[in-house]
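Undergrad: got a predicted structure here, sequence first:
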Amino acid sequence: MTRDVFKYFKHVRSLQEDKGSEKAAELGYQHQARGVYIDPKTQKRYKNVGDKLEPIVVEPTADKGSGEEKSAGKPLSQFRKDAAASQPTPTALPQIPDGVSDDEFAAAKAKEFTGGRDVTPERKEFLDKVSKTLVALGNRQAASEVTDEEEPETPKEEPKATEEPEKTADDFPTLDDKIAEKDGEEELNKVNEVDALMNEEPSAENIADLQDTMLELRKLTGKQSTDAVQKSEAKYAKYMDKVFKPFEDLVNSMDEKKQNSFAALVANAHKFTGRSNNGAGLNSLGQFDVKQLALAKKRMFDNYDFDDKESVEKYVRSVRNNEVTDELVDTSFEILPKKLKQTWGKKGMAGKGELGKNHFLGYDKKGKEMRGQGGVDRAKYVWRMYLEQGGVDAYTGLPLNIDNIDLEHIRPASKAEGDLDEFRTREHEKNWVLVNSNVNQAKSDLTMNEFFEKQVDPLSSKGDDYWKTRSEIFDYRNSIPSKESELMSSFVDKDANIVESMTGELFMEMMENHESGLKNTKKELGIGADSSGDKEIKDAWKSIETQSKLAKELTTVLGLPRGYNKQKNVEGSKPRSNSMGSDNYYRGVFLSIIGKSPEEQEKIKNTYRDAIRHAEDSGGGDAAFASYMVENGGVDMERINKYKALSKIFKPLQESINYGRMTIDKLKKSLRDPL
């Protein structure tokens, strides 16, 4: 049965666009065309760009601000031809309300043109000029209308044939014309990139770059596209048909079951993003993992001795039981994402020094072992294993997460203890399987017997209440970063500037409310943790932080270092940045910066940098940092003294400084006025 594998992959690449459609559905927008949605309440249209919805630019007309959608990607010359053919109503000039200055209105108009999106400095400068021009033209028109009312209209002389007619606002390119011209240039550049890549010899890296560039071009064009883009799309389709044809032909020669299996595995590989497996509990065994391992335990230990290398190899072959030819591995490997190959070329690197030079890389054409330090050959062998295992975890039988796969040494390579021959035996495909990262992390360097005794068996007897409480704690811990990220956007904008509406009181109030929420939720979760009687759950509960590190992150957003090297003056120590012991140090700095002029902010930032160097050079740590900030005006003590937690850090230093200055003044006075 013939399968159009290329279409299958095209569908996989469209998954990113689906995020935008899901967002549209959440907002109640209606689908109009591919990538285009309409808000039924406002009748505004939005274009799907990646996983975001961006408003479609419309050209306002004199008919109460209504307009027509501009075709994305047309050159300026084409817009002018279309304009001449359809003779649109002239663009309405702005009417400035009473009490609003020309500059204020122009600034508001420029912001309106951006549609709320971030723009480059060059585009912002251009929009400012356009807005001021429109205001000037509007004022000129208003003045003209007043003159017309006061003076009788006189016939205008027809311009002579040789004279240039006076230009009006309609003779100049509109803002939409300029934006369309800019978009057209970007599309043309991207089209040229695509064409250039297709003119090169096909290679794995070249194909990956081409796929990424074509995706960028599609994001630029949206629903409509120019003739050049359409031609590039057609050429790209033929090119990719040719690239995928060897694999497609190979798959088409298989039976239907294998067709579906291998096509699905390759398509799944194209979903690879390389996300790291971090977060509370993500490296631990889950309830379903434990159940699957408990079910497999008897079968595994009844049939295999996991301390014997020959028996381990039999287990490996039983797990990697899909028949895979060299031709299938080679043709499918060529079309994999470049990032996946780079990541998989480093999988399971278990040794250093002389051992590190002896990692197994696969077999050459003569069947001889290849050894080295990883790379393409190792990545290709890991890919072979993925196909042989059918994309499932060797221990649990659950689907492998393409972003979080680990190469597992059944007999731990670390147990070779520096013996090169033993290392080469363990660092070998005969001792390899693929498992999900959390399973690999749980097993670590344990033997199979130790893995079940220490990690699986104790969890297999746990009830649903245990897993529910554990999940609640881990889920809450993992939700904190996203909450703080959202809170951070309330403090600083995308250009790393403190938002205009922020005040010191509001900042501290929001931070205190956030931490109060952390403490209350931790207290509630503690009830379940205590009643579980489980050490792991209690430890997970204890690790919930109730003091936010948000202010530290805010200082880095402002371009400041987050810490200093405590070991700077220790001979042989490595460079290392240590954060200060409390977030209150950073809060004091951020609180002092809020609302200050740009010059004052820069002065505080420079003092902060000097204080960091002083803490390193003096070896005085946090106290030296705080002391330097107080002595050199790096913190606003009037603000800090309003908050007990901050004044505890900075106020004693201020009092010491004041006392010292007072003592010096007394001494000077006594020298001037001796008894």
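TA: Cool, got the structure.
Undergrad: and residue 452, what does it touch?
TA: Taking C-beta atoms under 8 Å, 6 or more residues apart in numbering, we find residue 452 in contact with 293, 297. C-beta here means a position set from N, CA and C on the backbone, and glycine is covered the same way.
Undergrad: do that again at 7 Å, thanks
TA: Contact analysis of residue 452 by C-beta atoms under 7 Å, 6 or more residues apart in numbering lists residue 297.
Undergrad: do you know the pLDDT at it?
TA: Note on residue 452: pLDDT of 96.
Undergrad: for it, give its distance to residue 514.
TA: 42 Å (C-beta to C-beta, to the nearest Å).
Undergrad: and for residue 541?
TA: For residue 541, the distance to residue 514 - C-beta to C-beta - is 19 Å.
Undergrad: equivalent analysis for residue 621, please.
TA: The gap separating residue 621 from residue 514 is 27 Å, by C-beta to C-beta.
Undergrad: what do you get for residue 299?
TA: Distance, residue 299 to residue 514, by C-beta to C-beta: 50 Å.
Undergrad: okay, the two: which has more neighbours?
TA: Between residue 299 and residue 514, counting by other C-beta atoms under 10 Å, residue 514 is the more crowded of the two (15 against 10).
Undergrad: ok, the more buried one to residue 560 distance?
TA: Using C-beta to C-beta, we find residue 514 at a distance of 21 Å from residue 560.
Undergrad: what's the helix or strand for the closest residue to residue 633 other than its chain neighbours?
TA: Excluding the flanking residues, the one nearest residue 633 by C-beta to C-beta, 6 or more residues apart in numbering is residue 607, at 6.6 Å. For residue 607, the host element (DSSP states H and E) is helix 598-618.
Undergrad: let me see the ranges of the helices in the stretch 401-550 of the chain.
TA: Using DSSP state H, counting those that start in this stretch, the helices of the stretch 401-550 of the chain run over residues 420-426, 437-443, 448-451, 457-460, 464-491, 504-532, 535-542, 550-557.
Undergrad: let me know which of the ones you listed is tucked in deepest.
TA: With neighbours taken as mean count of other C-beta atoms under 10 Å, the helices of the stretch 401-550 of the chain reach their highest mean count in helix 437-443, at a mean of 22.
Undergrad: and that helix, what other elements does it pack with?
TA: With contacts taken as 3 or more C-beta pairs under 7 Å, 6 or more residues apart in numbering; DSSP states H and E, helix 437-443 sits against strand 405-409.
Undergrad: what sits against residue 369?
TA: Residues near residue 369 by C-beta under 7 Å, 6+ apart: 360, 363.
Undergrad: that one bridge partners, please.
TA: residue 363 (DSSP bridges).
Undergrad: ok, it to residue 338 distance?
TA: 27 Å.
Undergrad: one more: residue 258?
TA: Computed as C-beta to C-beta, the residue 258 to residue 338 distance reads 27 Å.
Undergrad: quick revisit: what is the helix holding residue 607 packed up against?
TA: strand 563-564, helix 583-593, helix 621-631.
Undergrad: out of those, deepest packed?
TA: Of those, helix 583-593 is the most buried (mean count of other C-beta under 10 Å), at a mean of 25.
Undergrad: now the angle from it to helix 504-532?
TA: 160 degrees (axes from the mean of the first three to the mean of the last three C-alpha atoms, to 10 degrees).
Undergrad: coming back round to it: turn the helices and strands packed on helix 598-618 into CSV, including mean pLDDT.
TA: Converted to CSV, the helices and strands packed on helix 598-618 look like this (pLDDT from 0 to 100):
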stretch, mean pLDDT
strand 563-564, 84
helix 583-593, 94
helix 621-631, 89
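Undergrad: the bottom helix or strand of the protein by mean pLDDT?
TA: For the chain, using mean pLDDT, DSSP states H and E, the weakest element among its helices and strands is helix 76-86, scoring a mean of 41.
Undergrad: low-confidence ranges, the stretch 151-300 of the chain, go.
TA: 151-185, 200-209, 211-212, 218-226, 236-237, 239-244, 248, 251, 275-282 (pLDDT under 70).
Undergrad: try it again at 80.
TA: 151-261, 263, 267, 270-271, 273-283 (pLDDT under 80).
Undergrad: what about the strands in it?
TA: When assigned using DSSP state E, counting those that start in this stretch, the stretch 151-300 of the chain turns out to have no strands.
Undergrad: quick one, phi/psi of the closest residue in space to residue 519 that isn't next to it in sequence?
TA: Sequence neighbours aside, residue 546 is the residue nearest to residue 519 in space, at 4.7 Å (criterion: C-beta to C-beta, 6+ apart). Note on residue 546: its backbone torsions stand at phi -110, psi -10 [degrees, to the nearest 10].
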